[in-house]
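>>> Predicted model, plus sequence, below.
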Amino acid sequence: MHELPPEKFSFYPRCPVFSFLHLYCPGCGATRALAALTHGNLAEALRYNAFFVILLPVLLAYFGFAYWRAMRNLEFSWPAVSPRALRLLSVAAVLFAILRNALHLPI
């Protein structure tokens, strides 16, 4: 189904955290998850990196809003994100990394 599946080709980027510490970071598996999503396989994408899959619509909305603002104002600036939202995202990422490593979830 995949023409260039990430798990079979070495030109995809390797995670430095996993390479050196042998621990999954919150981003490990995101490339494979994105490849699975582009082929319509949500279950496979969630297996590779559920955090990325859940966060992707939020990221797309954020970038879409930034683009919309740039087109409307004819100048680009990133929309502000509250410190509270950044703290929440950071805590969620750390908890996800701890859980997936503690449970030895494969990616």
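Perfect, I can see it now. Numbers count the residues shown, from 1 in each chain.
>>> quick one: least confident helix or strand in the protein?
helix 16-21 (a mean of 80; mean pLDDT, DSSP states H and E).
>>> What is that one packed up against?
The helices and strands touching helix 16-21, judged by 3 or more Cβ pairs under 8 Å, 6 or more residues apart in numbering; DSSP states H and E, number zero. In this view, the C-beta of every residue, glycine as well, is placed from N, C-alpha and C.
>>> what's in contact with that helix?
Residues outside helix 16-21 that contact it (Cβ atoms under 8 Å, 6 or more residues apart in numbering) are 23, 24, 25, 28.
>>> Kindly export the next helix or strand after it (C-alpha atoms) in PDB.
Moving toward the C-terminus from helix 16-21, the next helix or strand (DSSP states H and E) is helix 30-38. The C-alpha trace of helix 30-38 is given here as PDB (Å, rounded to 0.1, in the frame of the first residue of the first chain):
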ATOM      1  CA  ALA A  30       5.100  10.600  13.900                       C
ATOM      2  CA  THR A  31       6.600  10.000  10.400                       C
ATOM      3  CA  ARG A  32       5.100   6.600  10.200                       C
ATOM      4  CA  ALA A  33       1.800   7.800  11.700                       C
ATOM      5  CA  LEU A  34       1.600  10.600   9.000                       C
ATOM      6  CA  ALA A  35       2.300   8.000   6.300                       C
ATOM      7  CA  ALA A  36      -0.500   5.800   7.600                       C
ATOM      8  CA  LEU A  37      -2.900   8.700   7.800                       C
ATOM      9  CA  THR A  38      -2.100   9.700   4.200                       C
END
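>>> I'd like to know which of the contacts of helix 16-21 are buried.
Buried by 16 or more other Cβ atoms under 10 Å: 24, 25, 28, out of the contacts of helix 16-21.
>>> Please give me every residue in contact with the second one.
The contact partners of residue 25, taken as Cβ under 8 Å, 6+ apart, are 15, 17, 18, 97.
>>> returning to that earlier point: distance to residue 53 and pLDDT added to the contacts of helix 16-21, as TSV?
What follows is the contacts of helix 16-21, written out as TSV (distance: Cβ to Cβ, whole Å; pLDDT from 0 to 100):
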residue	distance to residue 53	pLDDT
23	20	84
24	15	84
25	16	87
28	13	87
